[in-house]
Every structure is written in C-alpha cells, then in structure tokens.
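K.L.:
I would like to see how this sequence folds:
(one chain, ligands or ions: 1)
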Amino acid sequence: MKVERLAIPDVILVTPPRFSDNRGFFSETYNFDRMTEAGINLPFVQDNQSLSCEKGVVRGLHCQLAPYEQGKLVRVTRGAIWDVAVDARTGSPTYGQWVAAELSAENWSQLWVPPGFLHGFVTLEENTEVQYKCTSLYSKVSERAVIWNCPDLNIDWPIAEEEAILSDKDKIAPHFSAAKGWFSYEK
Ligand SMILES: Cc1cn([C@H]2C[C@H](O)[C@@H](COP(=O)(O)OP(=O)(O)O[C@H]3O[C@H](C)C(=O)[C@H](O)[C@H]3O)O2)c(=O)[nH]c1=O
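P.N.:
Modelled structure (predicted):
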C-alpha cells in the first residue's frame with residue numbers, strides 16, 4: 001500500500017492496491033495491520049457515506065469536540081473530491097494550516113484526517129459518493145463548523161465562491177477564530 005505523509009505530517013494519504021482482471025477489480029479498502037503500519041491506528045466505530053449530486057458541492061469545514069472528536073479515513077467510490085484538512089489543535093506548529101488531496105474512484109486514494117482537524121471537501125464531478133470511517137460516534141451537540149472560504153485560512157479551493165453549493169448550516173458558519181481552544185496539541 002502506498003503511504004504519503006502530507007505537509008502536515010499527521011495527515012496521511014494512503015492508496016491500497018487494486019487487483020484488476022477480466023471481471024473488474026478487488027481491493028482490500030481497509031486492512032487493520034496495513035493501516036496501523038501506515039500510522040492510522042485508532043479504532044473506527046462508524047462508517048459514513050454521502051452522495052453529492054452536483055459538481056461544486058462543498059461539505060465542511062466540520063469537526064466534533066471532545067469527547068466525540070473524530071479521526072476520519074476518507075475515500076471516494078464514485079466521482080472525485082478535493083479533500084481538505086485544517087489543523088485546529090491549539091499549540092500545534094501547524095495550527096491554522098491546511099493540506100489537501102484529490103481523492104477519486106479512479107486514483108483510489110484515501111485521506112486520514114486525525115482528531116483535532118477540521119474536515120471538508122468540494123466535489124469535482126457530479127454524483128460523487130464519499131465513504132469514510134470515523135473514530136467516534138456522531139454527536140450533534142458536539143458538532144462545530146468553520147466557514148469553508150474563511151479568509152483566516154486562505155484555502156486554495158479549486159472553485160469560485162459563487163459556484164459553491166452549500167447547506168444552509170454551512171453558509172453561516174463562523175470564521176476560524178471561533179475554533180480557538182476547541183482542541184489542544186499533544187506532541
Ligand atoms: C455527520 C452526520 C450527519 N447525520 C445526519 C444529520 C443530518 O440530518 C444529515 C446531514 O448531515 P450534515 O448536513 O451535517 O452532513 P455533511 O454536511 O455531509 O457533514 C459531514 O461533512 C463533513 C465532510 C464531515 O467531515 C463530517 O463527517 C460531517 O460533518 O445527516 C448523521 O445522522 N450522522 C452523522 O454522522
């Protein structure tokens with residue numbers, strides 16, 4: 001399995017092997033030993049799947065506060081996304097910095113977004129299906145959001161603001177300054 005630590009090294013891009021033949025393909029999309037070797041070693045308790053019908057759908061930037069902070073292992077089974085992780089851990093040397101990767105059904109890559117990060121993506125194709133494993137259960141009361149195009153973060157989204165398709169909730173999310181103290185950094 002290909003493993004790449006991104007510019008924020010706690011965020012890891014993995015690409016499991018895919019075995020093709022005349023019938024199609026087979027892939028172990030999650031293997032505990034291989035993911036542990038790659039540095040993704042928290043237990044998962046919930047699988048999520050979302051379908052975004054249009055190109056330009058933006059979901060995020062979201063997280064859940066302790067004790068429900070979530071690590072997420074994100075993959076795309078149809079279409080493509082530009083997946084973003086923002087370091088929200090107060091005291092981190094990369095606090096307020098972001099990394100991104102294109103995940104698609106074609107490249108088969110998965111992104112590990114650790115607890116303490118905000119997560120969001122924009123779809124690059126219509127009818128994009130995203131599946132992700134979470135290390136904590138959903139807790140509506142623990143959910144927090146930061147506006148996707150926050151000027152404090154300066155994320156280089158591959159779409160114009162006017163093209164973004166957002167939920168009502170995401171349209172009114174606060175700036176990143178609201179995230180101070182949400183998470184703390186442990187070396
Ligand atoms: C996240 C979640 C949502 N829901 C329900 C709550 C709403 O009735 C409905 C849609 O939720 P929401 O609009 O928050 O879905 P997204 O905008 O895709 O949120 C996700 O977007 C970004 C990319 C994330 O990383 C998070 O996993 C998550 O916040 O699903 C549940 O029942 N369980 C859940 O775990």
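K.L.:
Tell me who's in contact with Ala80.
P.N.:
Residues in contact with Ala80 (C-beta atoms under 8 Å, 6 or more residues apart in numbering) are 102-106, 123-125, 128. (Glycine included, C-beta is placed from N, CA and C.)
K.L.:
Just flag the most distant two among those.
P.N.:
Glu106 and Thr123 (14.1 Å; C-beta to C-beta).
K.L.:
ok, back up a step: just the contacts of Ala80: which are in strands?
P.N.:
Under the assignment DSSP state E, those contribute 102-104, 123, 128 to strands.
K.L.:
how about the residues you listed in JSON lines, adding pLDDT, distance to Gly96 and neighbour count?
P.N.:
Listed next are the ones in strands among the contacts of Ala80 as JSON lines, based on pLDDT from 0 to 100; distance: C-beta to C-beta, whole Å; neighbours: other C-beta atoms under 10 Å:
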{"residue": "Glu102", "pLDDT": "98", "distance to Gly96": "22", "neighbour count": "17"}
{"residue": "Leu103", "pLDDT": "98", "distance to Gly96": "23", "neighbour count": "27"}
{"residue": "Ser104", "pLDDT": "98", "distance to Gly96": "28", "neighbour count": "18"}
{"residue": "Thr123", "pLDDT": "98", "distance to Gly96": "25", "neighbour count": "26"}
{"residue": "Thr128", "pLDDT": "98", "distance to Gly96": "28", "neighbour count": "25"}
